[in-house]
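>>> turn this into a structure:
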Amino acid sequence: MRNIPTITKNLLIINVLAFVAYYVLGRANIDLNNILGLHFFLASDFQLYQLVTYMFMHANLQHIFFNMFALWMFGCVIENVWGPKKFLFYYISCGIGAGLIQELTQLGSLYVMMNQTGFDISFIQLFQLSAADAQALNAWTTVGASGAIYAILLAFGMLFPEERLFIFPLPVPIKAKWLITGYIVIELFAALSTTGDNVAHFAHLGGMLFGFLMIRYWRKKGEYGGINNGNSPIDKLKDYWEKHSKKKASDFGTSNRQQEQTHRETDWEYNERKKEEQEEIDRILDKIRKSGYDSLTTAEKRKLFDNSNRRN
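Sure, this is the predicted structure:
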């Protein structure tokens, strides 16, 4: 747990604690998923805060295990690249976006169901009929972090498209870009079919959609998956080093000539070493942009993540 980035670690802890609370309170006939899960917005139990709380609740042990495993596996990488604030913003925003898509999907499903009964009703009439049956609509409740998790999978595929992954039960590694494409196709097919599997497939797709739009927007602003050429954490770290070295040199202004020369020499060596390290990081980032993350050597990957960990 010590090597897991801050936000990813806290998200894991919160989700596990919420699941334990759901299980314990269930023994006392208190359904926490009914309180914090996302109800259909026309249902009587819908609350606006549920757009956030629903992503921390899960239906069963298998549900939370696979979501948390994916969060640990891919969230650590994305947080190390983006930093904690940007990663948290992305996670919560995509989770909320997934919930909104799920709400729209349920509205469409209700409209189709009403019209299949033989009544040709408008959306205005649909709202009127739903208000009269708001209690029954509470059965449509969504829980789970899957929308945000799928957004993280998408981010990994967009940042490191050439990275090869071993996915059970496939006997060979598959590139991240093809894995994500496969997930999208499977989820879209499942969402459009009438399997009745009680899985919010459109929420998964909604999380990926919001994630895609967000990453495209960041890139349009000159950022590459959160790494840009002027305001990245690495650049800020470089600025700190330069300011720190200047301040350090000024602290010895009252020393004698020999001591000043010694300190000036030390500062120069310090700056040269940091400059070489920064040039190496820039070279690695350029290599990712041109050939993908998979083209890096083991040593280059380690150097990149060591620098990412230091900025946190």
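>>> quick one: the strands in the chain?
The residue ranges that make up the strands of the chain, judged by DSSP state E, are 38-39, 141-142, 164-165, 174-175, 223-224, 227-228.
>>> who does the first one touch, helix- and strand-wise?
It refers to strand 38-39. Other elements packing on strand 38-39 under the criterion 3 or more Cβ pairs under 8 Å, 6 or more residues apart in numbering; DSSP states H and E are helix 50-53, helix 84-116, strand 141-142. Bear in mind the C-beta positions are built from the backbone N, C-alpha and C, glycine included.
>>> what about Ser35, distance to Ala151?
Let me fix one detail, which is that residue 35 is Ile and not Ser. In this structure, Ile35 lies at 25 Å from Ala151, with Cβ to Cβ, to the nearest Å as the measure.
>>> neighbour-wise, which of these two wins?
In terms of neighbours (other Cβ atoms under 10 Å), Ala151 is the more surrounded of Ile35 and Ala151; the figures are 28 against 15.
>>> go through the strands of the chain and find the least confident stretch.
Note on the strands of the chain: lowest mean pLDDT is at strand 227-228, with a mean of 44.
>>> domains in the protein, as residue ranges please.
The chain is divided into the following domains under automatic domain parsing: 6-226, 229-311.
>>> rewinding a little: for Pro5, find the nearest of the helices and strands packed on strand 38-39.
Set against Pro5 and scored by Cβ to Cβ, those come closest in helix 84-116, at 6.6 Å.
>>> what's the average pLDDT for that closest one?
Per-region confidence: helix 84-116 scores 89 on mean pLDDT.
>>> same check on stretch 280-287?
The average pLDDT within stretch 280-287 is 77.
>>> likewise stretch 177-194?
For stretch 177-194, the mean pLDDT works out to 83.
>>> how far does that stretch sit from its chain's centre?
Here stretch 177-194 is found 19 Å from its chain centre; the criterion is Cα atoms, centre = their mean, to the nearest Å.
>>> relative to Asn34, how far out is Val303?
Quick fix: residue 303 reads Lys, not Val. Note on Lys303: its distance to Asn34, by Cβ to Cβ, is 49 Å.
>>> make a markdown table out of the helices and strands packed on strand 38-39 and add distance to Ile78 and mean neighbour count.
As requested, the helices and strands packed on strand 38-39 are exported to a markdown table (distance: least, Cβ to Cβ, whole Å; neighbours: other Cβ atoms under 10 Å):
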| stretch | distance to Ile78 | mean neighbour count |
| --- | --- | --- |
| helix 50-53 | 20 | 18 |
| helix 84-116 | 6 | 18 |
| strand 141-142 | 24 | 24 |
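>>> please convert those to TSV, extending it with distance to Ala191.
Conversion of those to TSV gives the following (distance: least, Cβ to Cβ, whole Å):
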stretch	distance to Ala191
helix 50-53	20
helix 84-116	8
strand 141-142	14
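>>> between those, which gets nearest to Met214?
Ranking these by their distance to Met214 (criterion: Cβ to Cβ) puts helix 84-116 first, at 6.3 Å.
>>> now for the closest one, which elements pack on it?
Counting by 3+ Cβ pairs under 8 Å, 6+ apart, helix 84-116 packs on helix 6-26, strand 38-39, helix 50-53, helix 61-82, helix 123-132, helix 146-159, helix 201-220.
>>> swap in 7 Å and give it another go.
With contacts defined as 3 or more Cβ pairs under 7 Å, 6 or more residues apart in numbering; DSSP states H and E, the secondary structure elements packing on helix 84-116 are helix 6-26, helix 50-53, helix 123-132, helix 146-159, helix 201-220.
>>> buried residues, the first one. List them.
Spelled out, that is helix 6-26. The neighbour-count check on helix 6-26 (16 or more other Cβ atoms under 10 Å) flags Ile7, Thr8, Lys9, Leu11, Leu12, Asn15, Ala18, Phe19, Tyr22 as buried.
>>> next, count neighbours for the closest residue in space to the second one that isn't next to it in sequence.
Read that as Thr8. Leaving aside its sequence neighbours, Thr8 sits nearest to Gly75 (Cβ to Cβ, 6 or more residues apart in numbering; 4.2 Å). The number of residues packed around Gly75, counting by other Cβ under 10 Å, is 26.
>>> got a pLDDT number for Gly75?
Listed pLDDT for Gly75 reads 93.
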